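Asks: sequence unknown, structure follows:
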């Protein structure tokens, strides 16, 4: 199976290659640290802030965009069902 974000082989449960899976784990851990250090922040806003940072690598940005898209789809479904 191929990574959902690139052409590399996927071995993770998220369907990501090694590099994107590492970026995903980094995002999740970074979000936890951010919340502990600065208080709660909306996950979507956190991802948007990361995309604005020039220090973020391309793999992290790829995963952040994927997660933002997923969050927006979840919000849309929630709005439609209420």
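Replies: Arrived safely. Quick caveat, the model's predicted, so the values are computed rather than measured. Residues are numbered from 1 along each chain as shown.

Asks: How far away from the center of its chain is the lengthiest helix in the chain?
Replies: When the chain is scanned for its longest helix (criterion: DSSP state H), the result is helix 58-81. When distances are taken as Cα atoms, centre = their mean, to the nearest Å, helix 58-81 is centred 8 Å away from the chain's centroid.

Asks: contacting residues for residue 30?
Replies: Listed by Cβ atoms under 8 Å, 6 or more residues apart in numbering, the contact partners of residue 30 are residue 50. For every residue, glycine as well, the C-beta is placed using N, CA and C.

Asks: From residue 7, how far off is it?
Replies: 26 Å (Cβ to Cβ, to the nearest Å).

Asks: now swap in residue 60 and tell me
Replies: From residue 60 across to residue 7, the span is 18 Å (Cβ to Cβ).

Asks: again with residue 45
Replies: For residue 45 relative to residue 7 (Cβ to Cβ), the value is 31 Å.
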